[in-house]
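Asks: sequence plus the predicted model coming up.
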Amino acid sequence: MSASIALALTLSPDNPSNTAVLDPDGKALYTAHTEHGKATITHVQNADGKILASLEWRDVLPDKVTLGSKSPVSIRDWLHTSVVPFYLKDDVTFKDDTGHNYKWRGNAPGRTLELFSEDDDFKEPMARFVKSRVDRASGTTTPATLALTDRAVQIRDTVVISFLFLEKTRRTNETASQSRADVLSTPVMSALTGSDYNVRNGGVGV
């Protein structure tokens with residue numbers, strides 16, 4: 001980001017559905033916790049323990065989101081995805097309480113989320129997620145972070161909530177895409193039996 005980072009939040013662990021969102025001093029500003037009962041619901045709380053938002057997971061229909069004391073709605077009624085034109089399908093837009101427009105980009109398998117604002121015609125990111133990564137040489141892990149500019153800090157609750165819920169959906173889709181790719185790249189007999197098969201001498205052998 002060309003704009004300076006005003007606040008770097010750490011996700012511990014790197015799991016948007018069950019994580020503590022920490023400030024640079026290690027204080028938990030937010031927590032995300034998922035309960036598995038009759039329904040699977042992720043709650044996001046602030047440092048005072050107040051539930052700011054909840055996300056009800058659904059298998060077929062879009063997830064349902066509850067923001068504060070508002071009634072539950074489809075997440076697509078809050079975080080709007082574009083189908084047409086095709087090149088905007090990875091963009092997700094929403095408005096804050098004052099009516100300002102924002103856009104998350106990178107909502108696709110293998111990509112990284114970045115948040116933009118209409119204030120500068122969506123040119124420079126005001127928030128950016130950096131995935132956790134492991135240094136194979138040393139075995140050390142660099143934690144996942146969500147970097148915020150001053151503009152993002154002004155609507156920090158909305159930025160964090162929208163990020164956590166959107167990243168959850170993005171990872172779910174990423175896993176599904178990888179599973180489909182694995183199936184498509186697996187020989188038929190391997191997919192049926194769970195074993196690795198190779199064609200040998202005109203026949204099938206393990």
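Replies: Received the coordinates, thanks.
Asks: CA only for contacts and neighbour counts going forward, please
Replies: OK.
Asks: measure residue 100 to residue 121 for me?
Replies: 12 Å (CA to CA, to the nearest Å).
Asks: which strands border the longest strand seen in the chain, and is each parallel or antiparallel?
Replies: In the chain, taking DSSP state E as the definition, the longest strand is strand 28-36. Sheet neighbours of strand 28-36, with direction, are listed as strand 19-22 (antiparallel), strand 40-46 (antiparallel) (DSSP bridges).
Asks: how far off centre is the longest one?
Replies: Looking back up the chat, that one is strand 40-46. Computed by CA atoms, centre = their mean, to the nearest Å, the chain-centroid distance of strand 40-46 equals 14 Å.
Asks: can you tell me the SS state at the residue nearest the centre of the chain?
Replies: What sits nearest the mean C-alpha location of the chain, by CA atoms, centre = their mean, is residue 167, with 0.4 Å. Under the three-state scheme (DSSP: H, G, I helix; E, B strand; the rest coil), residue 167 adopts helix.
Asks: tell me how many other residues surround the closest residue to it other than its chain neighbours.
Replies: Excluding the flanking residues, the one nearest residue 167 by CA to CA, 6 or more residues apart in numbering is residue 16, at 6.5 Å. Residue 16 has 26 neighbours, counted by other CA atoms under 10 Å.
Asks: I'd say residue 16 and residue 165 touch.
Replies: Yes - counting by CA atoms under 8 Å, residue 16 touches residue 165, with 7.2 Å between them.
Asks: can you map out the helices along this protein?
Replies: 75-78, 150-154, 156-184, 188-193 (DSSP state H).
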